[in-house]
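> Give me the fold of what follows.
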Amino acid sequence: PATWLFCGMVWLTLPVYFTWMYLANGRNTVWLATMSMVILIYYQLTDWRLATLGLLLGLPVAGLVCATFGTPVRVVPFEEVATHTVLLGFAWYMGLVLGISAHNLRREQLKQVLGTMGILAHELRTPLATMSLIGDAVRQEALQAGPDPALLGQLAGRLRSQVRHMNRQIDMQITNARLMHLRPRHEPVAVGAVVRARVGAYPFRSPSERDCVQV
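As a prediction, this is how the structure comes out:
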């Protein structure tokens with residue numbers, strides 16, 4: 001309820017209140033600038049479609065409030081009306097453009113997140129299916145009268161390899177997520193030590209594979 005109340009106040013109160021104050025203060029330059037800023041902020045606070053609907057409803061309501069409460073509205077020359085209309089129209093246009101751009105940016109970010117999740121799900125589903133098949137093979141081998149220790153060892157090795165692959169994928173996604181929140185650091189880093197530590201911690205599948213990497 002509090003969220004809906006806040007959204008309702010922002011959605012309808014901003015255009016009504018500031019338009020009423022703009023009219024009640026004789027449409028002076030201070031309130032003209034205020035109205036322009038409010039329109040820009042309004043499109044940043046809410047979705048551009050809701051902001052447009054709020055302005056279309058809020059402006060007539062503000063005029064109705066002025067007429068109901070007898071608020072004196074200064075008659076201004078046509079040149080001043082045209083100037084104000086151009087400035088407010090420009091503020092509305094810029095707010096609309098910025099609102100649509102922000103909406104498109106959020107949609108692209110969501111698409112990228114969903115794409116990353118799809119890739120991660122695919123990368124994890126394949127080793128999980130392999131692990132399931134290995135588990136079935138281990139079960140069948142265990143049910144036999146004389147299980148082959150060499151085969152069981154081979155299956156266990158393949159199982160560990162799939163687990164390492166899944167952990168690498170998870171670590172990669174966590175690292176990519178942390179790259180968006182890195183703080184700037186201004187200190188020397190021994191790159192050789194970092195590379196050696198990473199190579200030493202990498203889960204190579206065999207000693208021969210580890211020997212292929214030279215630092």
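
> wait, isn't Asp47 in contact with Gly99?
Yes - using C-beta atoms under 8 Å as the test, Asp47 is close enough to Gly99 to be in contact (7.2 Å). The C-beta positions use only the backbone N, C-alpha and C, and glycine is treated the same way.

> higher neighbour count, these two?
Comparing Asp47 with Gly99 by other C-beta atoms under 10 Å, the one with more neighbours is Gly99, at 22 against 15.

> Who are the contact partners of the more buried one?
43-44, 47-48, 51 (C-beta atoms under 8 Å, 6 or more residues apart in numbering).

> which SS state does Gly26 fall under?
coil (DSSP: H, G, I helix; E, B strand; the rest coil).

> count of neighbours near the closest residue to it other than its chain neighbours?
The shortest distance from Gly26 to any non-neighbouring residue, by C-beta to C-beta, 6 or more residues apart in numbering, is to Arg74 (4.1 Å). As a burial measure, Arg74 scores 11 neighbours (other C-beta under 10 Å).

> before we move on, what about Ser36?
Using other C-beta under 10 Å, Ser36 is surrounded by 19 other residues.

> Pull the residues that contact the host helix or strand of it.
Per DSSP states H and E, Ser36 falls inside helix 29-45. The contact list for helix 29-45 (C-beta under 8 Å, 6+ apart) reads 10, 14-15, 18-19, 21-22, 25, 51, 54-55, 84, 87-88, 90-92, 94-96, 98-99, 102.

> on that earlier part again, the residue nearest to Gly26 reaches Tyr22, doesn't it?
No - counting by C-beta under 8 Å, Arg74 stays clear of Tyr22, with 10.9 Å between them.

> Just to confirm, what confidence does the model report for Val86?
At Val86 the predicted local confidence, pLDDT, stands at 90.

> Identify the residues contacting it.
So Val86 contacts nothing (C-beta under 8 Å, 6+ apart).

> how close does it sit to Asn25?
Counting by C-beta to C-beta, to the nearest Å, the gap from Val86 to Asn25 is 20 Å.

> again, but for Tyr42
Taken as C-beta to C-beta, the span from Tyr42 to Asn25 is 19 Å.

> More neighbours: the two, which one.
Using other C-beta under 10 Å as the criterion, Tyr42 and Asn25 rank with Tyr42 on top: 25 against 14.

> Counting neighbours, what do you get for Ser161?
Using other C-beta under 10 Å, Ser161 has 17 other residues around it.

> ugh, typo on my part, it should be Val16
19.

> what secondary structure does it sit in?
Assignment for Val16 (three-state DSSP): helix.

> And Ala177, what's its pLDDT?
Listed pLDDT for Ala177 reads 61.

> my bad, should have said Ala121
Value listed for Ala121 in the pLDDT field: 68.

> Centre of the chain to the helix or strand hosting Val97, how far?
If you go by DSSP H and E, Val97 is part of helix 78-143. Once both centres are worked out by C-alpha atoms, centre = their mean, to the nearest Å, helix 78-143 turns out to sit 7 Å from its chain's centre.
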